[in-house]
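[1] Give me a 3D structure for the following:
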Amino acid sequence: MLAKTKVKEVQVYRSSAIVSRIGEAELVAGRNILYVAGMTDSADTGSFKLKFPEKIRAINIQVVDSDAMKEVEKKESELIRKKIDELDYQVETCELMLELRKKNGDFSGRNNISIEEQEKAMASLPEQLLALHRQLDELRERKTALEKEFAEAEAEEKKPLIMAELNAEEDMKVPFILQYQELQAFWTPKYEIQYRDDKSPLEVSMKGQIMQSSGEEWLQVKVTLYTGNPSISNDLPVLISRELSLRTYEPPKRSSRMKAAGAMAMEDVCCEDAAMGAEAPQMLMNMAALKMDTADVSQEETMTAFQLPNLRDILNDTDGNIVDLQFFTVKASYHVLSVPSVDNKCYLTAEIASSEWPLPPADAAVYLRDTYAGEVYVDANADTDLLILSLGQDERLTVVRTEAPKKTQEGFLKSSKKQLCRTEIRIVNSSSEPVSAIVKDQIPVSTDKAIEVEVLQLSDGITDKDSGEVKWEIKAEQDQTVELVMEYTVSWPKDKQLSERRRVIRARTRFCPQCGAPVAGRFCPECGTEV
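    As a prediction, the model looks like this:
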């Protein structure tokens, strides 16, 4: 007996899904051979589970193909093919009848028929031909529908079946559940961040984008999304012994190839950031963005579950399965950031405590007063207490950075040279409101004791001695211009040549052990695995 099933519920994880299907089986008293259909080609056949009422006992359960059913019953595709063949005979008969009617309407070679009989036959011929054409069209439509059913049946018969040998105490009709892991299904989180003004918290809407390529449509099913995976690893951490020994250090010999590679590694360059910005237009009518009911959120042992309200249609091979999961507000400190030595634009940023962002890493669409400003990546699992988000370019401030010509002269000691460097930064607030800003620049850092850097003036800026970064926190009033001066001297031996390079500090790249994606924070942005 073949028992078909339909999808009732799906639990979607970051890299797979657990599909629950329901079906019904008619059992007879004693031994029954049941073939359960429903698993897809992309399902993990080793993960299936059958659930029956407790009074049903299983003798044997295994995964088979459709050929195993030959001795029990005919394949559905064979039954459909027989119907198609019958329709072909009917179509052929109808076409012959059509040709016969047309020939009978030709009286040019027939002399034994009276005028009255010819007129009567010609009067009824159009109606007869029309009826035959309609019958032919109907037969062809039925054949097209059957051919579609045949293709679907053939595709279904290529999928794995579960053969269950069951024992029942009496004749009965019983429901059952089939569960398995679908490998071609996953979901990714996506945020929408709404900025209203400098005094309001950020409004965050978490959405989920569900994608599945199982080859079937999941129609009117219960959906729950999980932030992790059902099984990340079966390996538990093991301590490895630490052994100490003494060894003699011998400096390695450097070849010319190694020297060349070392020289190339010194030639690093700085990278520039980019962002977008926009201003919100006035709404023409009192309307709001279309929203869906949010999910019921629950914290489980190893992950967070989002149970979606109502039944859903999760279509095959589409990116349009978007759901609303959660809405919250988060406190943020806003300021404008300017790094004029790298980029002369200013950017509106929001500083958020990492502990205030309760959701997994994901891309976020940023809206400034309902106007799309671009996308940022939010990684609350990064190794930092403060999360800094770019909200787009801010045009309220104009920053002009000017470097004065460097002046080189002999130092206090005749064996040394001294160079005077001066940089002026002008910040103009052209808006009608005060603007808080952070301006960053830098002075060079000496890596040689023979080179001395002396700071003369920083306009109350704060210096990081290790990196040379200078930071100013300012508040530019309406139509105000703020001027900052950075002045320093560099001294070095007269017989040496001064060299300057910019070093990029590259973070150590880690990779997810589950999917291989690069990971910056605690969790993989692709599959959710903890690294």
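[2] CA only for contacts and neighbour counts going forward, please
    OK.
[3] excluding its backbone neighbours, what's nearest Phe328?
    Val204 (5.5 Å; Cα to Cα, 6 or more residues apart in numbering).
[4] Next SSE downstream of the helix or strand containing that neighbour?
    Using DSSP states H and E, Val204 maps to strand 202-212. Along the chain past strand 202-212, the next helix or strand (assigned with DSSP H and E) turns out to be strand 218-226.
[5] ok, and what's touching that following strand?
    7-14, 187, 303-308, 310-316 (Cα atoms under 8 Å, 6 or more residues apart in numbering).
[6] Can you tell me which of these are buried?
    Neighbour-count burial within these applies to 7-14, 187, 304-308, 312, 314-316; the criterion is 16 or more other Cα atoms under 10 Å.
[7] now the strands for the stretch 351-500 of the chain?
    For the stretch 351-500 of the chain, applying DSSP state E, counting those that start in this stretch gives strands covering 362-368, 371-378, 386-393, 397-403, 407-410, 416-429, 435-442, 452-457, 462-463, 469-476, 481-493.
[8] Quick one: residues contacting the residue nearest to Phe328.
    191-194, 327-330.
[9] The same query, at a cut-off of 7 Å, please.
    191-194, 327-329 (Cα atoms under 7 Å, 6 or more residues apart in numbering).
[10] Now intersect those with the helices, please.
    The members of those all map outside helices under DSSP state H.
[11] which among the residues you listed end up buried?
    191-194.
[12] Confirm Arg140 sits in a strand?
    No - Arg140 is assigned helix when assessed by DSSP: H, G, I helix; E, B strand; the rest coil, not a strand.
[13] Okay, it and Val428: tell me how far apart.
    Going from Arg140 to Val428 by Cα to Cα, to the nearest Å gives 77 Å.
[14] Repeat that for Lys173.
    In terms of Cα to Cα, Lys173 sits 81 Å off from Val428.
[15] which one of the contacts of Val204 sits closest to Trp492?
    Ile193 (50.7 Å; Cα to Cα).
[16] which residues touch that closest one?
    For Ile193, counting by Cα under 7 Å, 6+ apart, the contacting residues are 202-205, 364-367.
[17] Tell me the bridge partners for it.
    Note on Ile193: beta-bridge partners by DSSP bridges are Val204, Val366.
[18] Next: Phe176.
    Gly23.
[19] tell me the contacts of it?
    Contacts of Phe176 (Cα under 7 Å, 6+ apart): 22-24, 51-52.
[20] mind listing the helices for the stretch 251-400 of the chain?
    With DSSP state H, counting those that start in this stretch as the criterion, the stretch 251-400 of the chain has helices at 256-265.
[21] pLDDT weak spots in it?
    For the stretch 251-400 of the chain, the stretches flagged by pLDDT under 70 are 251-292, 301, 380-383.
[22] Kindly recompute the last result at 50.
    252, 254-285 (pLDDT under 50).
[23] do the same with the chain
    In the chain, residues with pLDDT under 50: 233-234, 248-249, 252, 254-285, 505-508.
[24] higher neighbour count, Lys173 and Val428?
    Val428 (19 against 10; other Cα atoms under 10 Å).
[25] That one touches Arg396, doesn't it?
    No - look at Val428 against Arg396 with Cα atoms under 7 Å: they stay out of range, at 8.4 Å.
[26] Nearest to the spatial middle of the chain, which residue is it?
    By Cα atoms, centre = their mean, the chain has its centre lying nearest to Thr188, at 4.0 Å.
[27] mind checking which helix or strand it is in?
    strand 185-195.
[28] what's the burial count for Leu387?
    Leu387: 20 surrounding residues under other Cα under 10 Å.
[29] ok, for it, nearest residue in space, not its chain neighbours?
    Closest to Leu387 by Cα to Cα, 6+ apart is Ile352, at 4.9 Å.
[30] Ok, Glu149 next?
    Nearest residue to Glu149 in three dimensions, chain neighbours excluded: Ile80, at 7.5 Å (Cα to Cα, 6+ apart).
[31] Confirm that the one you found sits in a strand.
    No - when three-state DSSP is applied, Ile80 is found to be helix, with no strand at that position.
[32] residues near it, how many?
    18.
[33] how near is it to Leu132?
    For Ile80, the distance to Leu132 (Cα to Cα) stands at 25 Å.
[34] List the buried residues in the host helix or strand of Leu100.
    Under the criterion of DSSP H and E, Leu100 resides in helix 76-104. Neighbour-count burial for helix 76-104 flags 76-77, 80, 83-84, 87, 90-91, 94-95, 98, 101 (criterion: 16+ other Cα under 10 Å).
[35] re earlier: got the buried ones among the contacts of Val204 as TSV, with distance to Val485 columns?
    Converted to TSV, the buried ones among the contacts of Val204 look like this (distance: Cα to Cα, whole Å):
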residue	distance to Val485
Tyr191	40
Glu192	40
Ile193	36
Gln194	36
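[36] Report the beta-bridge partners for Val323.
    Applying DSSP bridges, one finds that Val323 bridges with Gly208.
[37] correct me, but it touches Ser205?
    No - using Cα under 7 Å, Val323 is not in contact with Ser205, being 10.6 Å away.
[38] ok, which stretches of the stretch 1-150 of the chain are helices?
    For the stretch 1-150 of the chain, applying DSSP H, counting those that start in this stretch gives helices covering 76-104, 115-157.
[39] got the contact list for the nearest residue to Asn229 once chain neighbours are set aside?
    The shortest distance from Asn229 to any non-neighbouring residue, by Cα to Cα, 6+ apart, is to Tyr13 (5.3 Å). Shown in contact with Tyr13 (Cα under 7 Å, 6+ apart): 186-187, 225-229.
[40] quick check, nearest of the residues you listed to His335?
    Nearest to His335 among the contacts of Tyr13, counting by Cα to Cα, is Thr227 at 32.2 Å.
[41] Around that closest one, count how many other residues there are.
    Neighbours of Thr227 (other Cα under 10 Å): 22.
[42] wait, it sits on Ser15?
    No - the pair Thr227 / Ser15 is not scored as a contact, 9.9 Å apart, by Cα under 7 Å.
[43] Does Asn66 touch Glu156 like I think?
    Not quite, residue 66 is Ser, not Asn. No - in this structure, Ser66 is not within contact of Glu156 by Cα under 7 Å, at 9.1 Å.
[44] Now do the contacts for the closest residue to Pro309 other than its chain neighbours.
    For Pro309, ignoring the flanking residues on the chain, the nearest one in space by Cα to Cα, 6+ apart is Ala295 at 6.0 Å. Residues in contact with Ala295 (Cα under 7 Å, 6+ apart) are 306-309, 324-326.
[45] which among the residues you listed gets closest to Glu116?
    Ranked by distance to Glu116 (Cα to Cα), these are led by Pro309 at 74.6 Å.
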